[in-house]
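Student: Please work out how this folds:
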Amino acid sequence: MEYCVNCKHLEPVTLVCLSPKTPRNLVTGLPEKWSASHCRGMCITGCGEDAKWFAFNHDDLDDLSTIPFGR
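Tutor: Residues are numbered from 1 along each chain as shown. Below you'll find the model as predicted:
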């Protein structure tokens, strides 16, 4: 199972999903600010339990790429 904490779309302070797939506000045209738990609970229109919008956060791997191997 994919967890929101590992997704690059999660804003870690407010726990809001910043996925570009979140619906737009019909008045302002800006993306809706859904909480991650609400987004995951919306099986049809949201990310759902299957984590349809999940994107792995590759920034966490950048620190590991500097570790020298074979020493």
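Student: In the chain, mark out all the strands, start to finish.
Tutor: For the chain, the strands defined by DSSP state E occupy 10-11, 16-17, 34-35.
Student: Residue 25: what's it in contact with?
Tutor: Contacts of residue 25 were listed using C-beta atoms under 8 Å, 6 or more residues apart in numbering, and they are 31, 32. Bear in mind the C-beta positions are built from the backbone N, C-alpha and C, glycine included.
Student: hmm, try it at 7 Å
Tutor: Shown in contact with residue 25 (C-beta atoms under 7 Å, 6 or more residues apart in numbering): residue 32.
Student: how near is it to residue 31?
Tutor: 7 Å (C-beta to C-beta, to the nearest Å).
Student: What's the local residue count around residue 29?
Tutor: Residues lying near residue 29 (other C-beta atoms under 10 Å) number 7.
Student: Give me the residue at the spatial middle of this protein.
Tutor: Compute the mean C-alpha point of the chain, and by C-alpha atoms, centre = their mean the closest residue is residue 9, 2.8 Å away.
Student: That one and residue 1, how far apart?
Tutor: On the measure of C-beta to C-beta, residue 9 and residue 1 end up 16 Å apart.
Student: now for the longest helix anywhere in the chain, which elements pack on it?
Tutor: In the chain, assigned by DSSP state H, the helix with the most residues is helix 36-41. Judged by 3 or more C-beta pairs under 7 Å, 6 or more residues apart in numbering; DSSP states H and E, helix 36-41 is in contact with strand 16-17.
Student: pLDDT averaged over the strand it packs on, what's the number?
Tutor: The pLDDT scores in strand 16-17 average 92.
Student: Pull up the pairing partners for that strand, direction included.
Tutor: Looking at strand 16-17 with DSSP bridges, its partner strands are strand 10-11 (antiparallel), strand 34-35 (antiparallel).
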